[in-house]
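Peer 1: pasting the sequence and the predicted model now:
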Amino acid sequence: MPPQTNFWILETANTAYAFGLNQAGFLVNASWSLRLPNSQDYPPPPESPGWASFNNPAQVLPEEFPAYGGMCYQEPCLKVTFADGVRDVVLRFDSAATTSDGVTITLRDIDYPLRVILHYRAHGPYDLIERWAVIINDGPTPLMLERIFSAQWHVPPGPTYHLSHLTGRWNDEFHLIREPLTNGVKILESRRLTTSHHHNPWFCLDDGQASETDGQVWFGALAWSGNWKLAAEVTNFATTRLSLGLNDWDFAWKLNSGEEFTTPSAFAGYTTGGYGAASRKLHAFIRERILPHGTTPHKILYNSWEATLFDVNMESQARLAEIAADLGIELFVMDDGWFHGRHNDQAGLGDWWPDPIKFPHGLQPLIQRVNALGMDFGLWIEPEMVNPNSELYRAHPDWILHFPTRQPTLGRNQCILNLARPDVQEYLLAQIDRLLTENNITFIKWDMNRNVSEPGWADAPGDPREIWVRYVQGLYHLWDELRRRHPQVVWQSCSGGGGRADLGILRLADQIWVSDNTQAIARLAIQAGFSRVFPASVMEAWVTDADRGRIPLAFRFHVSMCGSLGLGGDLLKWTPAERAEAAHWIARYKDLRPLIQLGNQYRLGPAALQYMGQDGQRGVLFAFRTCLAEPASPLRIKLQGLQPKLIYEIEGFPGPRSGSAWMASELEIWLGNFESTLREIAVVVGGCPKSKFGQPLSRLKKV
Ligand code: GLA
């Protein structure tokens, strides 16, 4: 029988996370599994006698928040140096308080005035548990925080777990890796000041048996856009745990008397529905609980970058805007090159007013033209950066991250402003606020085009190594204030493509520019990795000229239609036939948009994706063939997510049939090299498909 006191069960729709104090007073995980009928059904908190002088209980127990102290050699969540030099924390339970959706547990050091409050919140419909920690210095002297994770998660002991994670680099982000964990610690992290193109603070653990549709999966993500660390550890006692939080690399935080420090939130969940279900839970959660307006579909945008690069002016943009409007584009975004002194990537960053040569009358004439064409207007900015060749740098060379005795390393000819400084935040707030107040701008692409170097902060009020956290806090503060002042603006997070994609930035940004790589074939893999974590609505995807002449336009559209559709090519060069086809797919996307952006997504193997509206009545299937092996064979695709008893028709297949029948059989689709197809799925009402399928391309009129 589990003890009835100091034992907590966080229940979600399908799962339960049980933890409590064991007899020895350790706060330990008891189980994390499917929900059971009665509280007595869950195992009690585990005990550990420790059986040799080398094997103390602290090494063996699944502690919820282990601190570095005593004989704890595994990855701790907390490491502190007290003012007297003691580097040893011994936390014991103090009190607990339940909240409407969770519980908070207070721990205290047995000798030092240090308090740790562990917060747990259940997000019921999504089967997710949110955890974060608050550290409070109740003593008269400062202490130094040297590591502070958000949570440690434990999976049932025994199996060899497989860790799925995302890896890549600039122009090639979000590649999925799945690998077995063996004894020791697997570290994934960012040391780059941003989330990074290289790894993402997301994980999936499975016991080696899971598939896309079945099997136990434990998964989670950290809501943080700076340096982070994930430590997946297999102990020599056949247990597996995973810690997630701020990176302790080059990190220190001076916590003065009476001060507290709050970690970002880590979210984790459990499902028996395989990787697909894990992704869908995250997607719904991100849409409904993280994103500010996650249930509003995004407009189809045109972005000028690949067409005009830095050569933007009234004429070049107006010409593109006219064609974009004809095609059915809803939002015209002018990218880099519009602001003071910006003729290439050598100058201008920091001076956020229109370049007087390119826009002698400001942005108004262009915005008015775009609005007259029936489109909204959006703009690119890169607020965190400064070129040495700018008015801002000449006035405030000390505002950048740097060590005064070192020459700053430039990346793309630019330095990083120290966003931890209030004066830098105030400058940027004033500049961007003015831009948004004076102009009818409803979309901002917020870029960040380099990684950190020389992370010095000369006048830091605390330890200069606080920069890693204070920078991100400054960024969040600035963005949040801009959002508050300009609620009409939709924000896109870009960092040279997908360098800043995480649940932290999605509280501020409505969507993400996934990669600078716009080649359709490369995009298929990048988007598949991205979909592990993020819903299609935040996945901005442009059709560009990258594959023009090599990959059919339909294929390129289908790839981009799997996310939030946009265009980025030089439309002036597109032939009438290409424009007509583009208009066709744009119209079709508008019709399917709610299903794709707000529906449930199913990955049907490497070459097919299905989206179903929330009511299960209508959906769409995309299938791709990149390379045809000889002898040719058809794609065989099994649909998912249909209502078993409803009757559906599927575009291009003889029907109607029940959802059960469609899901039990394989759709046979013949595609040649670099061909793709889009098939609509619709419930049949009174003998007719509820929606008429889109008209074939051959019946299109030319634009
Ligand atoms: C980054 C972005 C691009 C574009 C350029 C402009 O590379 O990812 O989309 O905005 O900056 O300089």
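Peer 2: The structure has been received and is ready for your questions. Numbers count the residues shown, from 1 in each chain.

Peer 1: could you find the closest non-adjacent residue to the residue of the stretch 201-350 of the chain found nearest the ligand?
Peer 2: Distances between the stretch 201-350 of the chain and the ligand by CB to the nearest ligand atom are smallest at Asp336, namely 3.5 Å. In this view, the C-beta of every residue, glycine as well, is placed from N, C-alpha and C. In space, and not counting its chain neighbours, Asp336 is closest to Trp380: 5.3 Å by CB to CB, 6 or more residues apart in numbering.

Peer 1: near the ligand at all, the helix or strand where the one you found lies?
Peer 2: Using DSSP states H and E, Trp380 sits within strand 376-381. Yes. Using CB under 6 Å from any ligand atom, we find that strand 376-381 touches the ligand at Trp380.

Peer 1: can you give me the separation between the residue nearest to Asp336 and Gly599?
Peer 2: Note on Trp380: its distance to Gly599, by CB to CB, to the nearest Å, is 30 Å.

Peer 1: between these two, which is the more surrounded one?
Peer 2: Gly599 (26 against 22; other CB atoms under 10 Å).

Peer 1: correct me, but the more buried one touches Leu609?
Peer 2: No. Using CB atoms under 8 Å as the test, Gly599 is too far from Leu609 to be in contact (11.2 Å).

Peer 1: quick one: the helices in the stretch 201-350 of the chain?
Peer 2: For the stretch 201-350 of the chain, applying DSSP state H, counting those that start in this stretch gives helices covering 274-285, 305-308, 314-327.

Peer 1: typo on my end, the chain
Peer 2: Ranges of helices in the chain, per DSSP state H, are 57-60, 274-285, 305-308, 314-327, 364-372, 391-395, 422-438, 467-485, 520-530, 553-561, 576-598, 659-664.

Peer 1: for the ones you listed, which one sits closest to the ligand?
Peer 2: The minimum distance between the ligand and these falls on helix 305-308, with 4.5 Å, by CB to the nearest ligand atom.

Peer 1: for the protein, which strand is longest?
Peer 2: Using DSSP state E to define each element, the chain has its longest strand at strand 143-155.

Peer 1: just checking: what are the partner strands of that strand?
Peer 2: strand 78-81 (antiparallel), strand 240-246 (antiparallel), strand 253-255 (antiparallel) (DSSP bridges).

Peer 1: please state the offset of it from the chain centre?
Peer 2: Mean-position distance between strand 143-155 and its chain equals 21 Å (CA atoms, centre = their mean, to the nearest Å).

Peer 1: residue contacts, Thr409?
Peer 2: 453-454 (CB atoms under 8 Å, 6 or more residues apart in numbering).

Peer 1: same question, Gly616
Peer 2: 641-643, 646, 659, 683.

Peer 1: any idea how far the ligand is from it?
Peer 2: 36 Å (CB to the nearest ligand atom, to the nearest Å).

Peer 1: Ala284 and Asp127 touch, don't they?
Peer 2: No. With contact defined as CB under 8 Å, Ala284 does not reach Asp127; the gap is 10.0 Å.

Peer 1: my guess is the residue nearest to Asp336 meets Phe443, correct?
Peer 2: No. With contact defined as CB under 8 Å, Trp380 does not reach Phe443; the gap is 9.7 Å.

Peer 1: what sits in contact with each of those two?
Peer 2: Common neighbours of Trp380 and Phe443 (CB under 8 Å, 6+ apart) are Val333.

Peer 1: could you measure Val424 against His340, distance?
Peer 2: To His340, Val424 is 18 Å away according to CB to CB.

Peer 1: likewise Gln364?
Peer 2: Taking CB to CB as the measure, Gln364 and His340 are separated by 16 Å.

Peer 1: how about the residue positioned nearest the centre of the chain: what's its closest non-neighbour residue?
Peer 2: Most central in the chain under CA atoms, centre = their mean is Asp502, positioned 3.0 Å from the mean C-alpha point. With CB to CB, 6+ apart as the criterion, Asp502 has its nearest non-adjacent residue at 4.6 Å, and that residue is Thr195.

Peer 1: OK, contacts around whatever residue of the stretch 51-200 of the chain ends up closest to the ligand?
Peer 2: The nearest approach of the stretch 51-200 of the chain to the ligand comes at Trp170, 8.6 Å away (CB to the nearest ligand atom). Contacts of Trp170 were listed using CB under 8 Å, 6+ apart, and they are 197, 496-497, 499, 516.

Peer 1: ranges for the strands of the stretch 551-700 of the chain?
Peer 2: With DSSP state E, counting those that start in this stretch as the criterion, the stretch 551-700 of the chain has strands at 564-567, 600-603, 608-612, 618-625, 635-637, 647-650, 657-658, 667-669, 675-685, 688-689.

Peer 1: what of the stretch 151-300 of the chain?
Peer 2: So, for the stretch 151-300 of the chain - with DSSP E, counting those that start in this stretch - the strands run 162-169, 172-180, 184-189, 202-206, 217-222, 228-234, 240-246, 253-255, 260-262, 266-271.

Peer 1: using a markdown table, please lay out these together with distance to Gly613, mean neighbour count and mean pLDDT.
Peer 2: Listed next are those as a markdown table, based on distance: least, CB to CB, whole Å; neighbours: other CB atoms under 10 Å; pLDDT from 0 to 100:
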| stretch | distance to Gly613 | mean neighbour count | mean pLDDT |
| --- | --- | --- | --- |
| strand 162-169 | 27 | 20 | 98 |
| strand 172-180 | 26 | 17 | 98 |
| strand 184-189 | 35 | 16 | 98 |
| strand 202-206 | 26 | 24 | 98 |
| strand 217-222 | 24 | 27 | 98 |
| strand 228-234 | 34 | 23 | 98 |
| strand 240-246 | 33 | 25 | 98 |
| strand 253-255 | 46 | 20 | 98 |
| strand 260-262 | 38 | 14 | 98 |
| strand 266-271 | 21 | 26 | 98 |
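
Peer 1: nearest to Met561 among those would be which one?
Peer 2: Met561 lies closest, by CB to CB, to one member of the strands of the stretch 151-300 of the chain: strand 172-180, at 18.4 Å.

Peer 1: would that closest one count as contacting the ligand?
Peer 2: No. Shown here: strand 172-180 not in contact with the ligand (CB under 6 Å from any ligand atom), separated by at least 11.1 Å.

Peer 1: ok so, going back, pretty sure the residue of the stretch 201-350 of the chain closest to the ligand is touching Arg342, no?
Peer 2: Yes. If you go by CB under 8 Å, Asp336 and Arg342 touch, sitting 6.9 Å apart.

Peer 1: could you name every residue contacting both of those two?
Peer 2: Common neighbours of Asp336 and Arg342 (criterion: CB under 8 Å, 6+ apart): Phe310.

Peer 1: any idea which of the strands of the stretch 551-700 of the chain is most buried?
Peer 2: When the strands of the stretch 551-700 of the chain are scored by mean count of other CB atoms under 10 Å, the highest mean neighbour count falls to strand 564-567 (a mean of 26).

Peer 1: figure out how far stretch 472-489 is from the centre of its chain.
Peer 2: 18 Å.

Peer 1: mean confidence score for that stretch?
Peer 2: Regarding stretch 472-489, the rounded mean pLDDT is 98.
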